[in-house]
Structures are given as structure tokens and as C-alpha cells.
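Asks: Here is my input, please return the structure:
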Amino acid sequence: MSTTKLRVRQVGSTIGRPETQRKIMRGLGLRKMGSVVTVANTPSFRGMIKKVLHLVEVEEQKS
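Replies: Reported below is the predicted structural model:
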């Protein structure tokens, strides 16, 4: 059984953004523009991504 992962890349700056969005980006493991992380495709991560969708690019990966 293969699980899917999400590849998340930061494309927008957190400068001038609300503190909650900054904390979500940190929680995803994104630190600065262009950084990329791979996270599990779970409801909790999808909810986090949904709140900062304007700052990230998301790509689904099979593992």
C-alpha cells in the first residue's frame, strides 16, 4: 500500500503577515523563500496548508 506525501515549497514571504500564518509556516518546517519540505498527506497538514495556500506551492508525491 502506497501512501501519498505532499511536497510544499515556500513562494511567498512571511514579512508583514499575521503571527498565526508565521507560526503555521514554521510548523510546516518552512523557514525562508524557496525552502521545500515533504509532509504526510493528513487532515492536519492539509488544514495548515489551506491557511497559507497563498504563500506556498503544493505538489502530491507517491512514495
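Asks: in the lowest-mean-pLDDT helix or strand in the chain, what's buried?
Replies: Ranking every helix and strand in the chain by mean pLDDT, DSSP states H and E puts strand 56-62 at the bottom, with a mean of 94. Neighbour counts over strand 56-62 (16 or more other C-beta atoms under 10 Å) mark Val56 as buried. Using the backbone N, CA and C atoms, a C-beta is placed for each residue, glycine as well.
Asks: Going by contacts, tell me the helices and strands next to that strand.
Replies: If you count contacts as 3 or more C-beta pairs under 8 Å, 6 or more residues apart in numbering; DSSP states H and E, strand 56-62 packs onto strand 4-10.
Asks: which intervals of this protein have sub-threshold pLDDT?
Replies: For the chain, the stretches with pLDDT under 70 are 1-2, 63.
Asks: how does it look with 90?
Replies: For the chain, the stretches with pLDDT under 90 are 1-3, 62-63.
Asks: Touching stretch 47-63 from outside, list them.
Replies: Stretch 47-63 is contacted by residues 2-14, 17, 20-21, 24-25, 27-28, 30, 38, 41 when judged by C-beta atoms under 8 Å, 6 or more residues apart in numbering.
Asks: Dump the C-alpha coordinates for stretch 55-63 into PDB.
Replies: Output of stretch 55-63 as PDB, limited to C-alpha atoms (Å, rounded to 0.1, in the frame of the first residue of the first chain):
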ATOM      1  CA  LEU A  55       2.400  31.600   0.400                       C
ATOM      2  CA  VAL A  56       3.100  28.000  -0.800                       C
ATOM      3  CA  GLU A  57       3.100  25.700  -3.800                       C
ATOM      4  CA  VAL A  58       1.900  22.100  -3.200                       C
ATOM      5  CA  GLU A  59       2.700  19.000  -5.200                       C
ATOM      6  CA  GLU A  60       1.500  15.500  -4.400                       C
ATOM      7  CA  GLN A  61       4.100  12.700  -4.400                       C
ATOM      8  CA  LYS A  62       3.700   8.900  -4.400                       C
ATOM      9  CA  SER A  63       6.000   7.100  -2.000                       C
END
